[in-house]
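**Student:** generate coordinates for the sequence data below:
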Amino acid sequence: MTLQVSQGSPADVASFGRRRANPLTLLAGGMALVIACLIVPPVFVLLQNSLFTTNPDGSHGAITFDYFSKLFQEEGILRSGANSLKFAVLTTFFSLILGGSLAWVVERTDAPFRGLAFLMSVVSLGIPLIIYVPAWLTFLGPIGPINEIYRTLSGDSGNLFEVNSIAGMVLIETLGWLPLSFLLFAANFRAANAELEEAARMSGASIGAMVWRISIPLAAPAVFSVGLFILISALQSFDVPKLVGTSAGIKLLTTDIYDSIRAAVPPKVGLASAYSVILSVAVSGLMYFYSQVSRNASRYATVTGKGYRPRLLPLGRYRWLGGAFVIGSVFVVLAVPLLRLLWIALTPYSEPMSVAALSTLTLENFAIVLGSKDYFGLMLNTVVSAAAAATITMALMVVCGWLVARRRRFHTVIDQMTAMPMLIPGIVLSVAMMDVALRSPIPLYSTLSIIILAFVIHYMPYGMRYTFGGVLQIHRELEESAGVSGASSLATLRRVVIPLLWPAVLAGWIFIFLNASRDLSTPIILAGPDTKTIAVAIFDQAANGEFSEVAALGLLWSLLMSSVAMVFYVCMRRRGGNLFGP
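**Tutor:** Residues are numbered from 1 along each chain as shown. Next comes the predicted model:
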């Protein structure tokens with residue numbers, strides 16, 4: 001029996017060869033594989049640890065639901081879940097009220113000093129939230145000026161305000177969120193059409209009635225979107241609940257996850273993973289609701305192609321009241337905590353602010369920080385890990401953003417995988433990456449490499465937002481012209497798309513760099529003695545009550561990062577870009 005092999009025409013063979021060796025398909029497949037290698041392992045080990053028994057040698061045994069049943073059999077998870085929900089809802093409510101009001105005053109009215117709000121936001125972007133916690137703990141604490149003044153005036157020996165409470169946690173978290181809440185609302189109010197508000201004023205409506213019946217309904221998409229974003233982030237918050245609430249016995253889901261790993265002996269990895277799965281499921285539900293709200297936002301559009309131009313609303317005699325609100329916001333968010341930190345850093349020990357204490361002020365804490373190799377090592381670890389994570393993330397997302405925006409091969413898979421880290425809170429990712437590092441054949445645990453990988457995974461969705469939006473702003477005609485001139489798809493990406501996308505890439509890089517340098521929840525479990533970042537070191541010292549050196553370190557680091565943020569903000573403004581989003 002003879003075997004006959006049919007040979008196709010030379011054109012068919014050449015076409016088959018081109019399909020096999022299509023560089024664009026190889027690039028898209030390679031990027032999908034890289035993203036999968038980053039995303040799948042932590043998700044897999046998280047589910048494995050929560051659903052399988054763990055043997056003493058670290059291996060896994062039979063499938064079990066004991067970890068989940070233990071959670072619901074105890075009162076702990078119900079109490080922690082209720083506290084997490086109360087904390088997140090109250091933080092969201094006050095952040096929306098304050099951030100939305102400030103954005104409306106700055107973007108829609110002629111109030112003075114409006115530029116200070118943007119200065120506050122840029123400077124705050126470089127200050128870790130963990131820095132604010134010691135400042136507010138001492139300012140609102142028993143020996144803080146608020147309670148000292150209250151005791152002096154009332155003669156009462158108690159405190160006016162207990163900072164170690166749900167109310168204290170909400171207050172500190174809200175003030176930390178105010179700058180970003182303002183920025184998220186500002187873009188919406190800046191683009192809003194003023195004609196409807198002007199028509200309401202011409203019809204005799206007061207400013208209050210106009211805001212209630214016109215401005216707020218038109219801002220509904222922004223309110224829902226910003227509110228859900230803050231709610232999700234507040235559910236994932238770790239630093240404020242841990243430092244403020246733990247001493248009062250207030251536990252949240254994120255602090256329970258941390259305690260299951262760090263406080264328990266031996267670490268309860270299965271229990272922590274079960275906590276993590278529950279928190280991730282809750283976040284997933286909110287993210288789905290967020291996507292549904294964003295999808296229907298076009299119903300509230302007021303900007304059309306016919307005669308639109310944004311105009312400021314004159315406040316009349318209330319103009320200076322709006323300016324006072326701006327100054328008050330800047331004073332509370334920036335001046336109060338930074339001045340309190342300065343006082344703590346200049347005093348040799350914790351003492352109330354008074355004229356008599358001025359004679360004890362010293363620069364010793366700053367000298368210790370500047371002269372210590374350990375503190376220099378912390379700064380180096382932070383800069384290296386944040387810069388490496390920002391560089392790797394944006395390098396990957398440049399290609400992924402282009403593939404998704406132009407709907408190339410595997411674009412749906414890449415889009416879904418890059419969005420998946422949004423469902424994983426930082427503390428949950430930290431738990432999962434710890435197990436990945438321990439099981440890796442390459443020594444990764446307690447190294448900067450595992451922290452960098454965790455940062456890359458965590459900030460992948462943000463990098464995609466910048467590059468995807470940037471590619472959408474580049475018209476297809478430029479790429480089509482390059483193709484007509486004989487350039488391949490990869491050559492077009494390298495020589496046309498990337499140069500035009502550079503402002504968005506730079507904005508995304510600095511955004512990720514600044515946020516990674518101030519992130520606490522992602523590296524908190526992964527950092528070792530020699531690989532701590534600034535945020536982790538400040539957390540450890542603040543938890544031990546070492547506020548003086550923490551304040552000095554925090555001020556120096558905040559000055560450095562705020563300067564970086566300000567330089568990039570000015571450069572992006574001059575180039576017509578936006579540091580906070582495309």
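**Student:** so what's Val269 scoring on pLDDT?
**Tutor:** The model reports Val269 with a pLDDT of 77.
**Student:** ok, now how distant is it from Ser80?
**Tutor:** 18 Å (C-beta to C-beta, to the nearest Å). Every C-beta, even on glycine, is put in place using the N, C-alpha and C of the backbone.
**Student:** looking at these two, which is more packed in?
**Tutor:** Ser80 (24 against 21; other C-beta atoms under 10 Å).
**Student:** what about the more buried one, which helix or strand?
**Tutor:** Remark: Ser80 resides in helix 75-108, with elements defined by DSSP states H and E.
**Student:** quick one: buried residues of the following helix or strand past that helix?
**Tutor:** Downstream of helix 75-108, the first helix or strand assigned by DSSP H and E is helix 115-125. Buried residues in helix 115-125, counted by 16 or more other C-beta atoms under 10 Å: Leu116, Ala117, Phe118, Met120, Ser121, Val122, Val123, Ser124, Leu125.
**Student:** between these, which is nearest Leu33?
**Tutor:** Leu125 (33.9 Å; C-beta to C-beta).
**Student:** the closest one: what's it in contact with?
**Tutor:** Contact analysis of Leu125 by C-beta atoms under 8 Å, 6 or more residues apart in numbering lists Pro179, Leu514, Asn515, Met561, Ser562, Ala565.
**Student:** residues touching the fourth one, list them.
**Tutor:** Looking back up the chat, that one is Met561. Met561 neighbours (C-beta under 8 Å, 6+ apart): Leu125, Gly126, Ile127, Leu514, Ser517, Arg518.
**Student:** what do you get for the fifth one?
**Tutor:** For Ser562, the contact set (C-beta under 8 Å, 6+ apart) comprises Val122, Val123, Leu125, Gly126, Ile127.
**Student:** swap in 10 Å and give it another go.
**Tutor:** Leu119, Val122, Val123, Ser124, Leu125, Gly126, Ile127, Leu334, Leu514 (C-beta atoms under 10 Å, 6 or more residues apart in numbering).
**Student:** that one: which element?
**Tutor:** helix 547-574.
**Student:** angle of that helix against helix 115-125?
**Tutor:** 120 degrees (axes from the mean of the first three to the mean of the last three C-alpha atoms, to 10 degrees).
**Student:** buried ones in helix 547-574?
**Tutor:** 547-558, 561-562, 564-565, 568-569, 572.
**Student:** just give me how far that helix sits from the chain centre.
**Tutor:** Helix 547-574 sits 17 Å away from the centroid of its parent chain (C-alpha atoms, centre = their mean, to the nearest Å).
**Student:** average model confidence for it?
**Tutor:** Rounded mean pLDDT across helix 547-574 is 82.
**Student:** again, but for stretch 448-463
**Tutor:** The predicted model assigns stretch 448-463 a mean pLDDT of 94.
**Student:** and Arg114, how many neighbours?
**Tutor:** Count around Arg114 with other C-beta under 10 Å applied: 17.
**Student:** and for Arg151?
**Tutor:** 15.
**Student:** part of a strand, is it?
**Tutor:** No. Arg151 is assigned helix when assessed by DSSP: H, G, I helix; E, B strand; the rest coil, not a strand.
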